[in-house]
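Peer 1: using only what follows, build the 3D model:
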Amino acid sequence: MVNIYKAGITGASKDIHRARLDVKKILAIVDLLRIVRSKLHKDPGYEKIFKKLYRASGKIREIQVTLLLLTKPEFAGYDLTLFKDALLIQEKDSTFDFLKVIRKFDELKLSRLENKIKKEVSRITPATLHKKTKKYIQSKTSMSMELLEKGDGDENLHRVRQHIKELSTVLNLIFTFKPSDHLEMVINGLNRSEMMIGDWHDRVILADSLLSFLEHSTDNSERQMTDLKDCHQFIMLANNQQVVSIVLDVRKAIIESIPAKGS
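Peer 2: Numbering: from 1, shown residues only. A predicted model of the protein is given here:
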């Protein structure tokens, strides 16, 4: 929880990113508890307190990643000054919104929640973990394969990435209880595929942001507008070409993660 408090004090981009990573870990543990918890026990809704923070930090992260992408050599030939300036304004506004959310956090309430989560995690047995997570893994792999069969559209691939990320997170938690070479190989494959989709999705966000800027821009500089339009076409073409290899890799990683019969 330390990084969450620090981000609320400094507002620095590195601290906000660390806070977001902390929240991701917390949400992963909460997901695991939801999987292994008995159906007789009501979901206490631990994640509610973190959702707003995660979304607010996510907006900042998207803008920062987009700005970082634009520093790559492939974009050096385009005049993107107007677009970058607009992104910097958005980053400032999003950071202000994030700080409003984080400063509403009740430190005592967070501490109590942390203790509750730790207590529940300590009660998980390896046998329960294996039994419950096997069904979860089968469900996630099945949903991912169905999405891939429907097509490789932006929304489908993004949802596949979410399933893979959740699957990888749970498998990493299982690995801490019961490590194995096979499980490590599966996790590495899923992480590689998730990163591939992630890199592609970052460029989808870049293309969407650029298109939105073009649609709402009131600038009259024809040369800059032409550069922005050419850049958008370049990104879209590269994204479409990348999808085929991504789908092949993702399909292989998902198949490898399906639990063997009797395991």
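Peer 1: and Asp93, what element?
Peer 2: helix 81-102 (DSSP states H and E).
Peer 1: quick one: list the elements packing against whichever helix or strand comes after that helix.
Peer 2: Note on helix 81-102: by DSSP H and E, the next helix or strand toward the C-terminus is helix 107-122. Helices and strands in packing contact with helix 107-122 are listed as helix 13-36, helix 48-69; criterion 3 or more Cβ pairs under 8 Å, 6 or more residues apart in numbering; DSSP states H and E. Where C-beta positions appear, they are placed from N, C-alpha and C, glycine not excepted.
Peer 1: what is the following helix or strand past helix 107-122 packed up against?
Peer 2: Towards the C-terminus, the helix or strand next in line after helix 107-122, according to DSSP H and E, is helix 126-150. Contacts of helix 126-150 with other secondary structure elements, assessed using 3+ Cβ pairs under 8 Å, 6+ apart, are made with helix 13-36, helix 154-177, helix 222-257.
Peer 1: sorry, back to before: can I get the helices and strands packed on helix 107-122 in TSV including mean pLDDT, mean neighbour count and distance to Arg161?
Peer 2: Converted to TSV, those look like this (pLDDT from 0 to 100; neighbours: other Cβ atoms under 10 Å; distance: least, Cβ to Cβ, whole Å):
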stretch	mean pLDDT	mean neighbour count	distance to Arg161
helix 13-36	81	18	14
helix 48-69	86	17	14
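Peer 1: could I get those as a markdown table with distance to Leu206?
Peer 2: Conversion of the helices and strands packed on helix 107-122 to a markdown table gives the following (distance: least, Cβ to Cβ, whole Å):
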| stretch | distance to Leu206 |
| --- | --- |
| helix 13-36 | 18 |
| helix 48-69 | 5 |
